[in-house]
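J.: got a predicted structure here, sequence first:
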Amino acid sequence: MNQSEIKKKEDLLSSWEEVPMQKEQQLTSWQHSAFQAALEQLKTGHGTPDSVMRMGEAFGRGLFAERIKDKTPDWTMKQWLQEIEKDVCEPLGTEFTFTKISPDVATTFMNRNPLAQTSQDQTAASLFHFGVMRGLFRSAFPQGELVISELKDHEQPEFIFKANASAKDKLERERIIRALTFLKIDDGV
């Protein structure tokens, strides 16, 4: 087979099942590239934990614009969560358990985050992932905020999505950066 025949064969899909798999691999590849760029900035001293989170937020806003934006102009919390789960979380392999969903608040625990599980720098992966989720959420709910319950003694943190955030909630980014950075120091990582 020559190069053009190989290329044509690669372009042809042998079944409809390959289309979602290719999209999932592409999304995972984009996430990995964005995270590696954030991690590289951090390692070279040109970035901070805040810049890692900001790069995650930018990636989350991009995901929203690319995969979700045009689906529903007036979101309810439940609609947004269903779209995020189907179009972002499942393809990335991220899994959540929701413990509460009301019109303006959703509470969840993260069960699986492949990015954090495969990364050598757990803190950077956690900051990046928080940024991604915050970017996705704030794209749908500009007045909202993603809050994490207090991090105590290695408990699994609870993510709280608030459609209408208070002034105190707006300061959450800074607390998360400090909490995750200090958690890393306490773990001896």
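T.: Alright, I've got the coordinates.
J.: just give me the residue right at the centre of the protein.
T.: Val132 (3.3 Å; Cα atoms, centre = their mean).
J.: could you verify my assumption that Gln103 touches Trp80?
T.: No Gln there; residue 103 is Pro. No. Taking contact to mean Cβ atoms under 8 Å, the distance of 11.1 Å between Pro103 and Trp80 leaves them out of contact. Where you see a C-beta, it was placed from the backbone N, CA and C, and this is true even at glycine.
J.: which one's more surrounded, the two?
T.: Summary of the neighbour comparison: Pro103 and Trp80, criterion other Cβ atoms under 10 Å, with Trp80 having more neighbours (23 against 9).
J.: next SSE downstream of the helix ranked longest in the chain?
T.: When every helix of the chain is counted residue by residue (DSSP state H), the longest turns out to be helix 18-43. The first helix or strand that comes after helix 18-43 along the chain, using DSSP states H and E, is helix 49-63.
J.: give me the contact list for that following helix.
T.: Outside helix 49-63, the residues within contact range by Cβ atoms under 8 Å, 6 or more residues apart in numbering are 27, 30-31, 34-35, 37-39, 41-42, 88, 123-124, 127-139, 173, 176-177, 180-181.
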